[in-house]
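>>> structure of the sequence below:
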Amino acid sequence: MKFDELLTKVRGIADKADVSNTDFLAVQVNITGKDSGVFYVEVKDHKVSVEPYEYYDRNCAITMNMTDFNKLIDGKLDPVLAFTIGKLKVDGDIGKAVEFAKLVK
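Take a look at the predicted model:
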């Protein structure tokens, strides 16, 4: 999967996400490997934005390779397990990373 395809997939998931109980969440996603890239997911005023930019005033940043991130958003990889075995790295608020994982599941 190419990075642009992943971005489209995440936007589709974000459009269907229930963010009615989320006031603010800003997570930068760093995809590593062959088709690497950076994007952010922001929930603000109960609306979700997904943009291919770095987000400097974020709650946290997560770093994964493309394959594992796809498994995560497809529900085939548990985020806690991924973190525990080193497939998911979190820089910042781990609680917000868990909130993000629930949002994209």
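>>> please report phi then psi for the spatially most central residue of the chain.
Against the mean C-alpha coordinate of the chain, by C-alpha atoms, centre = their mean, the closest residue is residue 29 at 5.1 Å. Backbone dihedrals for residue 29, given as degrees, to the nearest 10, come out at phi -110, psi 120.
>>> ok, which stretches of the protein are helices?
With DSSP state H as the criterion, the chain has helices at 3-16, 66-73, 79-84, 94-104.
>>> nearest to residue 55, out of these?
helix 94-104 (12.1 Å; C-beta to C-beta). Any C-beta I mention is one placed from the backbone N, CA and C, and that applies to glycine too.
>>> can I get the helices of the chain in JSON lines with distance to residue 48, mean neighbour count and mean pLDDT?
Formatted as JSON lines, those follow (distance: least, C-beta to C-beta, whole Å; neighbours: other C-beta atoms under 10 Å; pLDDT from 0 to 100):
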{"stretch": "helix 3-16", "distance to residue 48": "4", "mean neighbour count": "14", "mean pLDDT": "95"}
{"stretch": "helix 66-73", "distance to residue 48": "14", "mean neighbour count": "19", "mean pLDDT": "95"}
{"stretch": "helix 79-84", "distance to residue 48": "18", "mean neighbour count": "15", "mean pLDDT": "93"}
{"stretch": "helix 94-104", "distance to residue 48": "8", "mean neighbour count": "17", "mean pLDDT": "88"}
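>>> okay, those in CSV with distance to residue 50 next?
Output for the helices of the chain, formatted as CSV (distance: least, C-beta to C-beta, whole Å):
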stretch, distance to residue 50
helix 3-16, 5
helix 66-73, 12
helix 79-84, 18
helix 94-104, 10
